[in-house]
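Trainee: model this:
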Amino acid sequence: MNAGLKYRHELKYYMNRGQYEVMKRQLRGLLAQDKHAGASGDYHIRSLYFDDIDNKALHEKLAGVRDREKYRIRIYNRSDKVIHLEKKIKFNDYVSKVKESLSRELYDSIMAGNYEPLHDPSRPLLAEFYYQLKNRLLRPRVIVDYEREAYVCGAGNVRITFDKQLRTGLNQVDIFNPGLATIRAFDDDITVFEVKFDEYLPEYVRTAIQTGGLVRQSNSKYVICRKLIKFNSWEDQ
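Mentor: Below is the predicted model of the structure:
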């Protein structure tokens, strides 16, 4: 474990429409809505995930490797006002995330295969990403797309998210493509429910999860969406 990072607990579940409605009613009066929510209470997230020439992130997740990491570029509400490069790190049952802002110009440079602007020692994550692109042949693999409804609580630094309408792009990797064609990741109306917290989980949140009949899952939106596209789409690039 990197002592310089802040690690959190992360619990994941699948829920059907009925479970979602019950859980939302139980928790929305106890938690504050995320500040990024729009008028509908949701906001849109689109992420572009990267993997190396060996599909290391994919295979490690499928094999159940406990300590792993992956890289993604993420935007919100289909806008280029906020673009983040993120590295998500899993250590045992804990997760951490490191992120850096990207300009639209830098994003376009990455997508064009010009990685030199990332070679900036003053921005360690960009320099690390540059190394991965050049030496591990890290390349864009899949778009993950969904609507998020999120709530927060100061006690335990809890963040609860309902991720709905999970979709993926069909062999397309430009997150700003206005004509991006996507397909649903689930046949049924399934919501991915995630609970993140620091030291402890308030009892009322734990009770709501237990009474809702939810069973903890080891799911990955990245893996779910990779399974929907051709496995070797970018292998020769």
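
Trainee: how about the lowest-mean-pLDDT helix or strand in the chain: buried residues?
Mentor: Across the helices and strands of the chain, mean pLDDT, DSSP states H and E gives its lowest value to helix 203-211, namely a mean of 84. By 16 or more other CB atoms under 10 Å, the buried positions in helix 203-211 come out as 205, 208-209. Where you see a C-beta, it was placed from the backbone N, CA and C, and this is true even at glycine.

Trainee: what do you get for stretch 43-53?
Mentor: By 16+ other CB under 10 Å, the buried positions in stretch 43-53 come out as 43, 45-52.

Trainee: contacts for that stretch, please.
Mentor: Stretch 43-53 is contacted by residues 34, 36-37, 57-58, 70-78, 132, 136-148, 150, 163, 173, 175, 221-222, 225-226, 235 when judged by CB atoms under 8 Å, 6 or more residues apart in numbering.

Trainee: PyMOL command to pick out the buried ones of those?
Mentor: In PyMOL, this line selects whichever of these come out buried by 16+ other CB under 10 Å:
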select buried, resi 34+57+58+70+71+72+73+74+75+76+132+138+139+140+141+142+143+144+145+146+147+148+150+163+173+175+221+222+225+226
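
Trainee: the residue nearest to Leu31 when sequence neighbours are not counted: how many residues sit nearby?
Mentor: Among residues not flanking Leu31 along the chain, Tyr151 sits closest, at 3.7 Å (CB to CB, 6 or more residues apart in numbering). Counted by other CB atoms under 10 Å, the residues lying close to Tyr151 total 20.

Trainee: surely Tyr151 is within a strand?
Mentor: Yes. Read with DSSP: H, G, I helix; E, B strand; the rest coil, Tyr151 is one of the residues of a strand.

Trainee: quick one: contacts for it?
Mentor: Contact analysis of Tyr151 by CB under 8 Å, 6+ apart lists 27-28, 31-34, 159-161.

Trainee: and if you look at Phe193?
Mentor: Applying CB under 8 Å, 6+ apart, the residues near Phe193 are 12-15, 20, 23, 160-163, 214.
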